[in-house]
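A.B. asks: generate a structure from the sequence data that follows.
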Amino acid sequence: MILTGRWASVNGGPPILTAIDPEETDALRGLAHRRTVLEIGSAYGYSAILMAKAGARVTTVDPHAGENPGSLERLQDNIDAYRFRNRIDPIVATSQYALPELKRSGRRFDLVFVDGDHSTAACWHDATVGWELLRPGGHLACHDYQEASCPGVTEALDGIWPGGPDGLVGSLWIKQKEATDEAV
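C.D. replies: Numbering: from 1, shown residues only. Here you go, the predicted model:
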């Protein structure tokens, strides 16, 4: 959910409402460069378009169920405006449904970006199942870590990985999966 945000464009294209700040934008762009990406929580599509512009193939998961009014239509309009229908595949579903389906189908990703439901239970689910969907050497990035308005994100991530992230850019928590690591 975008509680507060800014209007930003990707390389001069149409502006899109986002809560991702410029420093986080740069980090996400670098992590996504020419990778396969799973994005959990797409809202209006800023981060998906940003990552597609960096050469990524992006699968988004979002139920578009009303937290951000009109988000599915705006996402589709923004994907069309940026001409990324061939690089962004939206899945309209909850992560609780879609992630296990992706896992069963054998899908794996180089980057999993979690910015969906910010409750502790949902973030815990998205981070742990997202981790299982990562290829060895891939990155898990979670937005809104240590944000006062999103305490569930911090609670979940600190509970799963008490040693903390490998990197932190603004509120973007980043952990790399070891080449031999298959479980949390």
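A.B. asks: distance of Asn86 from Asp80?
C.D. replies: 11 Å (C-beta to C-beta, to the nearest Å). For glycine as for every other residue, the C-beta is placed from the backbone atoms N, C-alpha and C.
A.B. asks: what does Thr59 give?
C.D. replies: Noted for Thr59: a distance of 18 Å to Asp80, by C-beta to C-beta.
A.B. asks: before we move on, what about Ile174?
C.D. replies: Relative to Asp80, and taking C-beta to C-beta, Ile174 is found at 30 Å.
A.B. asks: more crowded one of those two?
C.D. replies: Applying other C-beta atoms under 10 Å to Ile174 and Asp80 shows that Ile174 carries more neighbours, namely 19 against 10.
A.B. asks: okay, and the beta partners of the more buried one?
C.D. replies: Per DSSP bridges, the residues bridged to Ile174 are Ala141, Gly167.
A.B. asks: pull the contacting residues for it.
C.D. replies: By C-beta atoms under 8 Å, 6 or more residues apart in numbering, the contact set of Ile174 is Ala27, Leu31, His139, Leu140, Ala141, Pro165, Asp166, Gly167, Leu168.
A.B. asks: hmm, 7 Å instead?
C.D. replies: His139, Ala141, Pro165, Asp166, Gly167, Leu168 (C-beta atoms under 7 Å, 6 or more residues apart in numbering).
A.B. asks: and the spatially most central residue of the chain, which of the three is it?
C.D. replies: Against the mean C-alpha coordinate of the chain, by C-alpha atoms, centre = their mean, the closest residue is Phe113 at 2.7 Å. Under the three-state scheme (DSSP: H, G, I helix; E, B strand; the rest coil), Phe113 adopts strand.
A.B. asks: next helix or strand past the helix or strand harbouring Val61?
C.D. replies: Element membership of Val61, judged by DSSP states H and E, is strand 57-62. For strand 57-62, the following helix or strand on the C-terminal side (DSSP H and E) is helix 71-82.
A.B. asks: same question for that next one: list its buried residues.
C.D. replies: Under the neighbour-count criterion of 16 or more other C-beta atoms under 10 Å, helix 71-82 has Ser71, Leu72, Arg74, Leu75, Asn78, Ile79, Tyr82 buried.
A.B. asks: which residues in this structure form strands?
C.D. replies: Along the chain, counting by DSSP state E, strands occupy 6-8, 16-18, 36-40, 57-62, 88-92, 109-114, 134-142, 167-169, 172-176.
A.B. asks: under the pLDDT cut-off, which ranges of this structure? List them.
C.D. replies: 1-4, 181-184 (pLDDT under 70).
A.B. asks: how about 90 then?
C.D. replies: For the chain, the stretches flagged by pLDDT under 90 are 1-5, 11-12, 65-70, 179-184.
A.B. asks: now render the strands of the chain as JSON lines, adding distance to Ala122.
C.D. replies: Compiled in JSON lines, the strands of the chain are given as follows (distance: least, C-beta to C-beta, whole Å):
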{"stretch": "strand 6-8", "distance to Ala122": "25"}
{"stretch": "strand 16-18", "distance to Ala122": "20"}
{"stretch": "strand 36-40", "distance to Ala122": "9"}
{"stretch": "strand 57-62", "distance to Ala122": "12"}
{"stretch": "strand 88-92", "distance to Ala122": "16"}
{"stretch": "strand 109-114", "distance to Ala122": "9"}
{"stretch": "strand 134-142", "distance to Ala122": "12"}
{"stretch": "strand 167-169", "distance to Ala122": "21"}
{"stretch": "strand 172-176", "distance to Ala122": "15"}
